[in-house]
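Engineer: Attaching a predicted model along with its sequence, questions to come.
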Amino acid sequence: MADNREDKSERPIIIKRVKKYSHGAHGGVWKIAYADFMTAMMAFFLLMWLLSTASDEQLAGLAEYFAPASVSESTSGAGGILGGKVIGEGASVSNSGSPSITLALPIPNNEIVPSDEISEDELERLNYEREQQMFEETKKALEEEISKDPDLSDLAKQLIIDNTPEGLRIQVADSEGVAMFPLGSSDMFPHTQKLIHMIARVIKSMPQKLSIAGHTDSTPYVDPNGYGNWELSADRSLASRRELLSGGIKESQISRVVGQADTELFLKDKPFDASNRRISIILLRNHPVHGIYKPEAKSIGATPLNAPKKP
């Protein structure tokens with residue numbers, strides 16, 4: 001018995017020390033991060049695919065959704081993001097759903113954007129009417145500007161604004177007792193310069209090109225050097241061009257500058273009337289009247305100067 005106890009005491013004692021390691025990169029946390037990354041990548045490529053197959057109208061709907069300005073009266077089953085339309089051919093629109101959020105996006109040159117739902121004739125008519133509205137607003141702005149300036153309010157009757165097939169025509173004309181230029185000269189009076197500068201301030205942001213024409217009455221005029229009504233009307237139109245540029249009009253906006261002497265009288269039955277001596281500034285139409293759309297010929301309205309019925 002003693003030998004057995006002795007043998008047990010002589011056995012070596014083995015101590016096992018278990019070291020604990022943190023899992024770190026060898027744990028399962030990376031799987032969650034990787035899954036999140038793959039989900040984000042899938043969503044990204046899905047978004048790219050949607051954008052590549054969406055129409056311009058649907059893309060505009062997306063832009064409206066992320067920059068809301070007002071609530072539209074229309075409804076859409078998609079909550080307004082794609083306007084209730086299914087991407088791809090055969091798009092359909094839901095007749096029910098929540099109100100969509102829309103934003104009036106700026107359109108270059110204030111034009112209607114072409115769409116598969118609008119015919120060419122309808123698009124032409126809409127763009128013509130849009131331009132007509134711009135002309136009406138320009139006319140009102142010119143009338144307001146001249147009325148609130150004490151130095152120009154007395155010249156209101158010198159400013160003739162009417163709508164022509166060529167575009168919105170703004171004319172600065174002489175009247176009995178009030179001239180825009182000295183007799184036989186292209187040097188403007190100060191009040192004429194101020195009036196031209198006022199016109200420039202109002203129309204400088206318009207997208208239309210400008211046509212400038214100088215006109216005289218039928219009174220014969222030739223100096224000893226042969227300088228006559230043709231040269232005078234051309235020089236006055238060039239002087240008007242310089243003042244428009246000085247007032248803020250860009251040089252690229254001016255399309256043509258001409259002198260027409262007495263070939264286009266304002267009052268054809270009164271060839272010597274003072275109103276025939278004038279400068280004509282026309283905002284040329286970007287959408288002229290042609291095709292099957294024939295709007296009624298009507299003037300936006302001319303200020304009193306015994307304006308003729310026909311332009």
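Structural biologist: Structure received.

Engineer: in this structure, which segments are predicted with low confidence?
Structural biologist: 1-10, 16-28, 56-57, 62, 64-118, 289-311 (pLDDT under 70).

Engineer: where along this structure do the helices fall?
Structural biologist: 2-10, 29-53, 56-66, 120-148, 150-153, 190-203, 229-246 (DSSP state H).

Engineer: between the last one and helix 190-203, how many degrees?
Structural biologist: This points to helix 229-246. Going by axes from the mean of the first three to the mean of the last three CA atoms, to 10 degrees, helix 229-246 is angled at 60 degrees with respect to helix 190-203.

Engineer: which parts of helix 229-246 are buried?
Structural biologist: 229-237, 239-241, 243-244 (16 or more other CB atoms under 10 Å). Yep, even glycine has a C-beta here, placed from its N, CA and C like the rest.

Engineer: cool, and the fourth one?
Structural biologist: The neighbour-count criterion (16+ other CB under 10 Å) identifies 123-125, 127-128, 130-132, 134-135, 138-139, 142-143, 145-146 as the buried residues of helix 120-148.

Engineer: Tell me the one of those residues nearest residue 184?
Structural biologist: Using CB to CB, residue 146 comes nearest to residue 184 of the buried residues of helix 120-148, at 27.3 Å.

Engineer: Skipping its backbone neighbours, what lies nearest that closest one in space?
Structural biologist: residue 152 (4.8 Å; CB to CB, 6 or more residues apart in numbering).

Engineer: Make sure residue 206 is actually in contact with residue 137.
Structural biologist: No. Counting by CB atoms under 8 Å, residue 206 sits too far from residue 137 to count as a contact (9.9 Å).

Engineer: can you count the residues close to residue 270?
Structural biologist: Residues lying near residue 270 (other CB atoms under 10 Å) number 15.

Engineer: show me what contacts it?
Structural biologist: Contact analysis of residue 270 by CB atoms under 8 Å, 6 or more residues apart in numbering lists residue 276.

Engineer: Backbone dihedrals for it, both of them.
Structural biologist: phi -130, psi 70 (degrees, to the nearest 10).

Engineer: Quickly note the distance from it to residue 218.
Structural biologist: 9 Å (CB to CB, to the nearest Å).

Engineer: beta partners of residue 175?
Structural biologist: Taking DSSP bridges as the rule, residue 175 bridges to residue 178.

Engineer: residues in contact with it?
Structural biologist: 157, 158, 274, 275, 305 are the contacts of residue 175 under CB under 8 Å, 6+ apart.

Engineer: Would you check that the third one makes contact with residue 181?
Structural biologist: No. In this structure, residue 274 is not within contact of residue 181 by CB under 8 Å, at 11.6 Å.

Engineer: list residues touching both of the two?
Structural biologist: residue 174.

Engineer: Looking at these two, which is more packed in?
Structural biologist: Higher neighbour count among residue 274 and residue 181: residue 181, with 22 against 19, using other CB under 10 Å.

Engineer: so what's that one up against?
Structural biologist: Residue 181 touches 174, 187, 188, 189, 192, 236, 277, counting by CB under 8 Å, 6+ apart.

Engineer: ok, 6 Å please
Structural biologist: Counting by CB atoms under 6 Å, 6 or more residues apart in numbering, residue 181 makes contact with residue 236.
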